[in-house]
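>>> Build me a model from this:
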Amino acid sequence: QAMPNPGVPDPMMQKQLDAINTLRTTETTAHLPLALLIPNVPTNVLQEILEQTNPKERLQRMLELVAEAKMILETQQEIRQEMNEKMQKAQREVWLKEQMKVIRKELGIDVDTREQDSEKFKERISKAVIPEETRKLIESEINRFQMLESQSHEFSMVRNYVDWLTLMPWGKFSKENFDLDHASKVLERDHHGLKDVKERILEFIAVGKLNKGVQGKIILLVGPPGVGKTSIGKSIAKALHRKFHRFSVGGVSDVSEIKGHRRTYVGAMPGKLVQALKATKVANPLIMLDEIDKLGRGSHNGDPAGALLEVLDPEQNSKFLDHYLDVPFDLSKVLFVCTANGTDTIPQPLLDRMEVIQLSGYVQDEKVEIARKHLLPNVRKESGIPAGALRFQTSAIQHLIRWYCREAGVRNLRKRIEQIFRKVALKLGRDASTKVTITNKNLKDYVGMPVFDKDRIYEETPAGVVMGLSVNSMYGGSALFVEAIKVSNTEGPSFTITGQFGKVMSESSSIAFSHAKFVLETLQPGNEYFKKAAIHLHIPDGAVPKDGPSAGITMVTALISLALGKPVRPHLSMTGEV
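Numbering: from 1, shown residues only. Here you go, the predicted structure:
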């Protein structure tokens with residue numbers, strides 16, 4: 001239907017205006033019947049005008065009605081003209097938009113529209129195995145999305161929500177491989193040593209082979225830094241043919257990092273677990289929770305350790321509820337591998353849900369092989385130094401490990417090797433023909449003076465000095481001496497202990513002193529050494545905090561050795577609680 005031209009007035013309305021103007025300019029009563037053309041005048045008013053005998057008063061009354069009618073008609077005409085202009089503008093915009101769609105489609109540069117997004121969402125859920133209730137919710141959200149205008153403040157929020165829901169790997173699983181020979185080859189190729197750990201992992205895979213799956217298991221790898229906890233997790237994923245995703249929970253103090261934010265918040269996002277599932281695109285990946293022993297404590301933002309109780313509990317995680325998605329998702333097929341330097345700071349309810357595998361570290365021979373097979377090739381590739389330009393003698397690697405890198409892992413060893421390669425790269429940059437061989441003699445030119453200058457503090461231990469064994473969550477095991485001496489007796493018998501020890505070790509020293517008195521009385525009745533002497537017991541490495549009960553037997557032996565005046569065998573070390 002053709003729209004009226006806003007520039008041309010309506011014919012009937014124009015006829016009425018002309019009649020009114022004629023009536024206003026006529027001073028005679030000959031045109032009195034024209035008063036009948038005045039619109040919206042009640043019949044009784046017209047009757048009064050016709051009955052009026054005074055022409056002047058009759059004309060005055062008619063002019064008032066004409067003025068009022070003219071104002072109404074002009075206003076109506078203005079409104080009509082404005083409406084016509086708006087309608088024509090809207091029709092023009094619709095027509096241009098349709099033309100633009102056709103042009104973009106023909107040129108192949110069509111952008112994501114609401115319809116295209118809706119079709120994309122529907123295509124995703126059509127291929128997914130989604131629980132019926134969740135499917136209904138997603139379909140409802142898609143319908144809601146279709147009804148929203150793109151300018152609405154809810155548009156982007158609903159679009160992101162539906163996008164997350166449809167991108168979740170509903171019913172998508174990677175096919176697992178329980179071939180023990182394949183798993184053994186992967187572990188041997190990626191790691192040297194760690195025989196007990198590899199055996200434990202193969203046992204775990206063997207059980208999964210018999211049960212047709214390893215779901216519901218949470219592995220905790222505990223060991224010092226640099227022993228390969230993260231790389232072992234990657235190797236397990238390779239052996240099982242599972243997707244691998246790692247994120248660190250160290251320092252996380254907000255429960256929303258685990259379970260997501262509620263959608264009412266600006267910038268809300270799902271938790272890290274949902275993000276991991278989206279990234280791997282399968283519902284049975286291997287997810288590594290790194291540094292779980294450094295998890296933040298409960299605060300006003302909730303307790304993340306409590307949130308992980310649901311995640312790592314096989315009885316509960318089959319219906320894990322993320323605050324953002326607000327629909328249950330099955331995490332029971334996910335294999336969780338956690339890493340920690342120690343178990344002391346892990347909450348006990350969380351630790352009870354895990355199978356702990358200890359990684360004690362590497363001895364010198366294992367470090368040499370790791371350096372030759374893994375560290376040197378990798379650092380050489382990263383630095384770009386040709387194979388013939390830099391050679392390492394095996395004795396130089398041994399020297400580097402013995403006098404510079406005594407920690408349990410190999411992270412510091414890699415840093416030292418990188419330091420050597422950087423210095424050689426500088427020489428190559430100045431002279432491309434440079435060839436370097438690293439030996440025991442020139443090693444200090446590249447890494448500086450040795451950190452350690454000897455293996456033992458005492459070649460022959462005196463009376464009162466005993467070697468003990470300690471374990472540290474950061475650096476693994478180490479040997480340290482417990483030293484007891486008699487000091488000048490100025491204030492009577494006393495017992496003093498120093499060396500930055502904790503409360504447990506302080507109590508252990510008191511028990512050791514009491515037990516040493518009993519042993520001395522048993523060995524030499526009547527010996528009153530401890531009743532008269534002022535004894536000072538020291539544990540070296542005073543800058544390193546120490547605690548625990550396992551130094552008890554070492555303290556007792558040091559005190560008995562001092563009281564008897566007999567040194568302990570120099571190659572003997574011990575650990576144990578009294």
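
>>> what sits up against stretch 316-325?
For stretch 316-325, the surrounding residues in contact (Cβ atoms under 8 Å, 6 or more residues apart in numbering) are 161, 164-165, 168, 256, 259-263, 268-271, 273-274, 309-311, 327-332, 334. Glycine gets a C-beta too; all of them are placed from N, C-alpha and C.

>>> For stretch 134-141, what is the distance to the chain centroid?
Stretch 134-141 sits 28 Å away from the centroid of its parent chain (Cα atoms, centre = their mean, to the nearest Å).

>>> Who are the packing partners of the lengthiest helix in the chain?
Ordering each helix of the chain by length in residues (DSSP state H) puts helix 55-107 first. Where contact means 3 or more Cβ pairs under 8 Å, 6 or more residues apart in numbering; DSSP states H and E, helix 55-107 is packed against helix 11-25, helix 43-51.

>>> Confidence-wise, which of those is weakest overall?
Among the helices and strands packed on helix 55-107, helix 11-25 has the lowest mean pLDDT, at a mean of 57.

>>> returning to that earlier point: could you give the average pLDDT over the following helix or strand past the longest helix of the chain?
Once the chain leaves helix 55-107, the next helix or strand it forms, by DSSP states H and E, is helix 114-126. Across helix 114-126, the average pLDDT comes to 88.

>>> Next: stretch 482-496.
Mean predicted lDDT for stretch 482-496 stands at 85.

>>> Kindly export that stretch (C-alpha atoms) in CSV.
Taking Å, rounded to 0.1, in the frame of the first residue of the first chain, the C-alpha atoms of stretch 482-496 are listed here in CSV:
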residue,chain,number,x,y,z
VAL,A,482,74.5,-32.8,65.8
GLU,A,483,77.2,-31.4,68.0
ALA,A,484,77.3,-31.6,71.8
ILE,A,485,80.1,-29.9,73.9
LYS,A,486,80.7,-29.3,77.6
VAL,A,487,81.0,-25.6,78.5
SER,A,488,82.5,-24.0,81.6
ASN,A,489,80.4,-24.8,84.7
THR,A,490,79.8,-21.3,86.2
GLU,A,491,76.2,-21.6,87.2
GLY,A,492,75.8,-25.3,87.8
PRO,A,493,74.6,-28.1,85.5
SER,A,494,72.5,-26.9,82.5
PHE,A,495,71.3,-28.0,79.1
THR,A,496,71.1,-25.6,76.1
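
>>> so what's E257 up against?
Contact analysis of E257 by Cβ under 8 Å, 6+ apart lists 249, 271-272, 304.

>>> Identify the farthest-apart pair in those residues.
Maximum pairwise distance in the contacts of E257, criterion Cβ to Cβ, is 11.0 Å, between V249 and G271.

>>> between these two, what contacts are shared?
Residues touching both V249 and G271 (Cβ under 8 Å, 6+ apart) are 257-258.

>>> what's the helix or strand where A237 lies packed up against?
Secondary structure from DSSP H and E places A237 in helix 229-240. With contacts taken as 3+ Cβ pairs under 8 Å, 6+ apart, helix 229-240 sits against helix 180-190, helix 195-211, strand 218-222, strand 244-248, strand 286-290, strand 335-340.

>>> Redo those as JSON lines? Include distance to L46 and mean neighbour count.
Formatted as JSON lines, the helices and strands packed on helix 229-240 follow (distance: least, Cβ to Cβ, whole Å; neighbours: other Cβ atoms under 10 Å):
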{"stretch": "helix 180-190", "distance to L46": "105", "mean neighbour count": "15"}
{"stretch": "helix 195-211", "distance to L46": "101", "mean neighbour count": "15"}
{"stretch": "strand 218-222", "distance to L46": "96", "mean neighbour count": "23"}
{"stretch": "strand 244-248", "distance to L46": "88", "mean neighbour count": "18"}
{"stretch": "strand 286-290", "distance to L46": "90", "mean neighbour count": "24"}
{"stretch": "strand 335-340", "distance to L46": "93", "mean neighbour count": "26"}
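
>>> These: which one's closest to Q146?
Closest among the helices and strands packed on helix 229-240, using Cβ to Cβ: strand 244-248, at 33.2 Å.

>>> That closest one to strand 286-290, inter-axis angle?
Strand 244-248 runs at 20 degrees relative to strand 286-290, counting by axes from the mean of the first three to the mean of the last three Cα atoms, to 10 degrees.

>>> Give me the sheet partners of strand 244-248 and which way each runs.
Strand pairing for strand 244-248, determined by DSSP bridges: strand 286-290 (parallel).

>>> Surely N527 is in contact with F518?
No - applying Cβ atoms under 8 Å as the test, N527 and F518 come out as separate, 11.8 Å apart.

>>> Regarding this structure, what is its longest strand?
Counting residues, the longest strand found in the chain (DSSP state E) is strand 476-487.

>>> and the residue nearest to G499 when sequence neighbours are not counted, how many neighbours does it have?
Computed as Cβ to Cβ, 6 or more residues apart in numbering, the closest residue to G499 that is not its neighbour in sequence is I539, at 3.2 Å. The tally of other residues near I539 (other Cβ atoms under 10 Å) stands at 24.

>>> how far away is the residue nearest to P545 when sequence neighbours are not counted from T345?
When the adjacent residues along the chain are set aside, P545 lies closest to Q500, with 5.4 Å between them (Cβ to Cβ, 6+ apart). For Q500, the distance to T345 (Cβ to Cβ, to the nearest Å) stands at 19 Å.

>>> Let me know the closest of the contacts of E257 to L400.
Sorting the contacts of E257 by how near they are to L400, with Cβ to Cβ, puts V249 at the top with 34.1 Å.

>>> Look at the closest one and report its pLDDT.
For V249, the pLDDT comes out at 91.

>>> Could you count how many residues lie near it?
Other residues lying near V249 total 21 when counted by other Cβ under 10 Å.

>>> cool, the one 4 residues further on as well?
Residues contacting S253 under the criterion other Cβ under 10 Å number 15.

>>> secondary structure class for the nearest residue to K333 once chain neighbours are set aside?
Leaving aside its chain neighbours, K333 sits nearest to N284 (4.0 Å; criterion: Cβ to Cβ, 6+ apart). Three-state assignment for N284 (DSSP: H, G, I helix; E, B strand; the rest coil): coil.

>>> ok, now how distant is N284 from Y324?
In terms of Cβ to Cβ, N284 sits 22 Å off from Y324.

>>> cool, D181 as well?
Distance, D181 to Y324, by Cβ to Cβ: 43 Å.

>>> cool, and S470?
From S470 to Y324 the distance is 46 Å (Cβ to Cβ).

>>> now swap in L148 and tell me
The gap separating L148 from Y324 is 19 Å, by Cβ to Cβ.
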